[in-house]
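K.L.:
let's see this in three dimensions:
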Amino acid sequence: MDEQVLSRMARAVFEQQDEMRDVWEWLADKIMPRKSAVLRRVKAREFMREHCCTAASALGVLVSGFMNQVMPSGQMWFRFEHGGLDKSKKHTAWYQNANEVTYRALASSQFYYVMHEAHTDRCLFGTCCAFCEWTKGSGLTFHHVPVGSFGFQRNKDGRVDTLARKFRYTPAQAVKAWGYDKVPEVVRKSYNRERERFTREFEFMHFVTPREAYSPGNAMKDLPPEKLPYVSAYLFCGGTWPVIEVGGYHEFPYFVSVFLPWEGIWGYAPGLQVMDEIGSLMLSERHLDELGALAVYPRTFIDAEQDGDIDYRAGSQTVIDRNVAGMNLPREWGTSGRYDVGVDRVERADKKIQEAFFVPFLHAVSSVDRQMTATEVMARQREQVLSISATFTLFVHDFNGFLARIFAELWRNAAYNTQKAAQPQDLVVTTSVGDANLMAPEVVYLGLIAQCVELAQKQSLDYGLQSAASWLQVTGDASAMDLIDSSKVIEWVFRTSGAPAEVFRPEAEVEKLRTQRQDAMARQAELEMAQVAAQGSQAVANMNKV
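P.N.:
Next up is the predicted model:
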């Protein structure tokens, strides 16, 4: 691809974020001021201003909820499974080993810190981005890409496959990344000045987009850049925007997710639903502070001749003229504001803000009334689960591609080659044109939110089974139960309950047990028929004797 074409495409994709900067700055100012530094690149003392503590606290609860209930560090929150129907002990053992290796790789990297920052952006601005690559000596590395520093595009299937990201490097970092001869002359000059080598910063851009034509799949490790599915270009953001280096990736290296879909490519943030409430809450709290201050330090009228002569200290004495004594001065004025009305306005706005950030759902267990029945608790939880399932489903859809990238990087770099389990032969598929494609595994999420979403379906299943059992008890007609595959029902219940994969038998073993059971039932039926025949013969013989 021509370098000028790459440069124009990268700038066009990046400039899409300009239309959202005003919205993002408002959200940062009112909820999390530290994010304003990323958008404006200013020092901390310049962006400190009033913000809504309630919204900031609700944002923290939502971010912590996603981290603790979707991807908790130190716990098993997902697992890879074989995507085919012919699951066997070999597949189960290998994927179990792959899961353990993946968890160790994530724990030893910056993954959980990067995902915390990504979730913060997703819940605050509605859109987030993170980057994954394999580096020699460090293995898997992750980077948080702040909102306001990237633009992206989706393909016809709705997946992000093009992204342009700006970042800053010092001359020392740029030379280490690409080499002294590849960086622009202005960067080399700054590198040669000792005072600027580690202090001055230059702006660069990383642009990734699908390559128009390529042949090999993603299983081959050592391939030239022009053979890789995604083109990767680094540009210098200055002058004519020259391309510094062109490479490639087997998979799209960025994770981009939105909180809820909005117009265009950007996500809709929870805070946008309660913009008026955030402004009203901040104004009401200022008024309540003023009323509280007036209660302690009330306004007073004083006579002009008393100015400087009145002592407001407790137990003090002020000498006044008899002519002024009858004027009832000094006296309070303008201190009759309704503090209770202000508190009520604050509580209403506070409730709406917390609901927008799903705080009631995330605090469902601790906030449940102990007098509620189990049915009421389940109904309340189901309603809350349905409210958050949309954003959770979007996250899973976007994150599956990122997990496939992580899986492929570990596989290509032999991280899964251990003595614990042999690799299944069908993991790599070779086509007639020589493509070697690594089959992406199925991903099963085990976090609390995933279980709650599936629990809502399980409650519907329980209700249906109870209704069917009641109908069967009344009519006595058991033929209707032929519609239900009881083994699949039990399997689904166990999987939605988070049962480990080890409790399930492989398909071949299940079929063997079923065949043995059918054979035993057939033998039992033959034995019973033989016994009946023998009893009939004996009865006939007895009758003949008589």
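
K.L.:
domain ranges for this protein, per the record?
P.N.:
In the domain annotation for the chain, the residue ranges read 274-350, 505-545 (automatic domain parsing).

K.L.:
these: lowest mean pLDDT?
P.N.:
The weakest mean pLDDT among the domains of the chain belongs to domain 274-350, with a mean of 69.

K.L.:
got the end-to-end distance for that domain?
P.N.:
Terminal residues of domain 274-350 are spaced 10 Å apart (C-alpha to C-alpha, to the nearest Å).

K.L.:
repeat that for stretch 245-263.
P.N.:
From start residue to end residue, stretch 245-263 stretches across 34 Å - C-alpha to C-alpha.

K.L.:
report the mean per-residue pLDDT for it.
P.N.:
93.

K.L.:
pull out the buried positions in that stretch.
P.N.:
Going by neighbour count (16 or more other C-beta atoms under 10 Å), the buried part of stretch 245-263 is 246, 248-259, 262. Every residue, glycine included, has its C-beta placed from N, CA and C.

K.L.:
do stretch 172-187 as well
P.N.:
Buried residues in stretch 172-187 (16+ other C-beta under 10 Å): 173, 174, 175, 178, 182, 183, 184, 187.

K.L.:
and the gap between residue 32 and residue 147?
P.N.:
Remark: distance between residue 32 and residue 147 (C-beta to C-beta, to the nearest Å) = 11 Å.

K.L.:
which of these two has more neighbours?
P.N.:
residue 147 (27 against 21; other C-beta atoms under 10 Å).

K.L.:
check contacts around that one.
P.N.:
17, 24, 35, 38, 39, 121, 124, 125, 127, 128, 129 (C-beta atoms under 8 Å, 6 or more residues apart in numbering).

K.L.:
quick one, helices of the stretch 101-250 of the chain?
P.N.:
111-125, 171-178, 185-192 (DSSP state H, counting those that start in this stretch).

K.L.:
for residue 61, give me its contacts.
P.N.:
With the criterion set at C-beta under 8 Å, 6+ apart, residue 61 makes contact with 357, 359, 362, 363.

K.L.:
go again with 7 Å.
P.N.:
357, 359, 362 (C-beta atoms under 7 Å, 6 or more residues apart in numbering).

K.L.:
now render those residues as CSV, adding secondary structure, neighbour count and pLDDT.
P.N.:
Output for those, formatted as CSV (DSSP: H, G, I helix; E, B strand; the rest coil; neighbours: other C-beta atoms under 10 Å; pLDDT from 0 to 100):
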residue, secondary structure, neighbour count, pLDDT
357, coil, 27, 92
359, helix, 21, 88
362, helix, 23, 79
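
K.L.:
quick check, nearest of the residues you listed to residue 273?
P.N.:
Among the contacts of residue 61, residue 357 lies closest to residue 273 (C-beta to C-beta), at 9.2 Å.

K.L.:
residues in contact with the nearest residue to that closest one once chain neighbours are set aside?
P.N.:
Computed as C-beta to C-beta, 6 or more residues apart in numbering, the closest residue to residue 357 that is not its neighbour in sequence is residue 58, at 3.7 Å. By C-beta under 7 Å, 6+ apart, the residues touching residue 58 are 353, 354, 357, 359.

K.L.:
closest to residue 110 out of those?
P.N.:
Using C-beta to C-beta, these come closest to residue 110 at residue 357, 25.9 Å.

K.L.:
the closest one and residue 137, how far apart?
P.N.:
Distance from residue 357 to residue 137, by C-beta to C-beta: 41 Å.

K.L.:
cool, residue 68 as well?
P.N.:
Taken as C-beta to C-beta, the span from residue 68 to residue 137 is 32 Å.

K.L.:
ok, those two, which is more surrounded?
P.N.:
Legend: neighbour count by other C-beta under 10 Å for residue 68 and residue 137, higher for residue 68 (16 against 4).
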